[in-house]
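K.L.:
The sequence and its predicted three-dimensional model are supplied below.
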Amino acid sequence: MKYGLPVVAAMILGFALFSVAKSNAPKPAAAPPSTPPAAAYPSSVGAVGLIESSSENIGISLPVPGMVTNIYVKAGERVAKGQKLFAIDDRDLRAELASRQSALALAQSKVDRLLRSPRPEEIPPMEAKVREAEQLFQDADVQLKLIESVRDKRAIRDEDLLRRRIAVKIAQARLEQSRSELALLKAGAWQPDIDIARAEAAEAQRQVERVQADIDRTVVTAPIAGEILQLKVRLGEYAQAGQLAQPLILMGSTDHLNVRADVDEQDASRVKAGAEAVASVRGLSARRYPLHFVRFEPYVIPKKNLTGDSTERVDTRVLQVIFALDKGAPLFAGQQMDVYIHAEEPK
């Protein structure tokens, strides 16, 4: 026991010294998982690039919200201009369209009725009424002449004479009224009434066209010929209208691909139009792709790190330069690239 405790302490001390020596032993340098990118020109400007379609990526959205009832495409499919992409529920609009079409038919029928008036069957009764009024007028006139032909005025009362004269005037007025009604009937509909009926029919037609336009907007079609890059719409989902953080469908023309390179603003003056450039995919720096200058985006914008966070805030501003890739390059829209642009020496 006298030597037991010192022996245990010595063993612990030896183990501790061995552990420290082992943890401090030099380790061999680990090779990087991929060759880091290297400058392609003696004087160059490096930039981060993102592959996009030559038409720029188009985020498809809806003009009106609604439940998705049909999807006509899938991711990776090529579509023609005007081809259907997806549709939302339009049952309420179709019911309203039927109601508007009925109102239009009623308004047009009213115009037709006014234009075809008078009916041929309406004229003979009115002409008979005129002939009746003529006969009544003649009868009243005969009665007046008979009473006026009496030579002895004492044989008639003044009241009877006055009544006969009034009866003639009444019969004449009725005759004139009947003739006027016949002329009015033959003249047909009043032009202002026809104009009002036509205006009502035109308004009904515009209402039909408005509802039809709303129905047409429930079917989303491709604005250009291209490829469906991303499909984020599902059957039965309620699709929101307007600009969305995540587009319902992302598409673009991928026959030719472009690279959008972000050049830091302090290097923007060194990059000239028509400059040569090469790019490599992140992690594959050994394979370089030649780029062909297309244009500048002349407005310098805040830099966005490619994290997908739309709320990210950075201080650096960048000039975006658009380059074209050779046709047939085995690349995909959305890939990130390291871009090296031939530039002038900094002054």
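P.N.:
Good, I have the coordinates.

K.L.:
Give me the neighbour count for W190.
P.N.:
For W190, the count of nearby residues is 12 (other Cβ atoms under 10 Å). C-beta here means a position set from N, CA and C on the backbone, and glycine is covered the same way.

K.L.:
likewise H292?
P.N.:
Other residues within reach of H292 by the criterion other Cβ under 10 Å amount to 14.

K.L.:
M126 reaches L185, doesn't it?
P.N.:
Yes - using Cβ atoms under 8 Å, M126 is in contact with L185, at 5.4 Å.

K.L.:
I'd say E148 and V168 touch.
P.N.:
No - with contact defined as Cβ under 8 Å, E148 does not count as touching V168 (10.6 Å).

K.L.:
Of those two, give the one with the bigger neighbour count.
P.N.:
Shown here are E148 and V168; by other Cβ under 10 Å, V168 has more neighbours (19 against 12).

K.L.:
Which strand or helix spans the more buried one?
P.N.:
helix 158-187 (DSSP states H and E).

K.L.:
Who are the packing partners of the helix or strand just after that helix?
P.N.:
Next in sequence after helix 158-187, counting helices and strands by DSSP H and E, comes helix 191-217. If contacts are counted by 3 or more Cβ pairs under 8 Å, 6 or more residues apart in numbering; DSSP states H and E, helix 191-217 sits against helix 91-116.

K.L.:
Okay, angle between the helix it packs on and helix 191-217 too, please.
P.N.:
Orientation of helix 91-116 against helix 191-217 (axes from the mean of the first three to the mean of the last three Cα atoms, to 10 degrees) gives an angle of 160 degrees.

K.L.:
What residues of helix 91-116 count as buried?
P.N.:
Neighbour counts over helix 91-116 (16 or more other Cβ atoms under 10 Å) mark 93, 96-97, 100-101, 103-104, 107-108, 110-111, 114 as buried.

K.L.:
Quickly name whichever of those is closest to P298.
P.N.:
Set against P298, the nearest of the buried residues of helix 91-116 by Cβ to Cβ is L93 (43.3 Å).

K.L.:
F137 belongs to a helix?
P.N.:
Yes - remark: F137 belongs to a helix, assigned using DSSP: H, G, I helix; E, B strand; the rest coil.

K.L.:
gap between it and S180?
P.N.:
F137 sits at a distance of 14 Å from S180 (criterion: Cβ to Cβ, to the nearest Å).

K.L.:
and what of D214?
P.N.:
50 Å.

K.L.:
and these two? which has more neighbours close in?
P.N.:
The residue with more neighbours, out of D214 and S180, is D214; 16 against 11, by other Cβ under 10 Å.

K.L.:
what's the closest non-adjacent residue to the more buried one?
P.N.:
With Cβ to Cβ, 6 or more residues apart in numbering as the criterion, D214 has its nearest non-adjacent residue at 5.2 Å, and that residue is L93.

K.L.:
Go ahead and confirm the one you found touches T218.
P.N.:
Yes - counting by Cβ under 8 Å, L93 touches T218, with 6.9 Å between them.

K.L.:
partners of the longest strand anywhere in the chain, with directions?
P.N.:
Counting by DSSP state E, the longest strand found in the chain is strand 284-302. Strand pairing for strand 284-302, using DSSP bridges, gives strand 277-281 (antiparallel), strand 317-325 (antiparallel).

K.L.:
Ok, which of those comes nearest G252?
P.N.:
strand 317-325 (13.5 Å).

K.L.:
what's the helix or strand that the closest one is followed by in contact with?
P.N.:
Using DSSP H and E, the helix or strand that follows strand 317-325 towards the C-terminus is strand 336-342. Strand 336-342 is contacted by residues 37, 39-41, 43-51, 259, 261, 263, 271, 275-282, 285, 289, 291, 306, 321, 323 when judged by Cβ atoms under 8 Å, 6 or more residues apart in numbering.

K.L.:
Could you find the closest non-adjacent residue to the residue nearest the centre of the chain?
P.N.:
In the chain, the residue lying closest to the centroid (Cα atoms, centre = their mean) is P63, at 4.1 Å. Among residues not flanking P63 along the chain, R217 sits closest, at 4.9 Å (Cβ to Cβ, 6+ apart).

K.L.:
re earlier: distance of the residue nearest to D214 relative to P247?
P.N.:
Counting by Cβ to Cβ, the gap from L93 to P247 is 24 Å.

K.L.:
Same question for E127.
P.N.:
Distance from E127 to P247, by Cβ to Cβ: 74 Å.

K.L.:
quick one: which of those two has more around it?
P.N.:
Taking neighbours as other Cβ under 10 Å, E127 and P247 compare with P247 leading, 18 against 15.

K.L.:
Need the per-residue pLDDT for that one.
P.N.:
The model reports P247 with a pLDDT of 90.

K.L.:
Using the three-state scheme, assign it.
P.N.:
Following three-state DSSP, the label given to P247 is coil.

K.L.:
Leaving out sequence neighbours, find the closest residue to it.
P.N.:
G59 (3.2 Å).

K.L.:
ok now the helix or strand in which that neighbour is found, how far from the chain's centre?
P.N.:
G59 belongs to strand 58-60 when assigned by DSSP H and E. Centroid separation for strand 58-60 versus its chain: 12 Å, with Cα atoms, centre = their mean, to the nearest Å.
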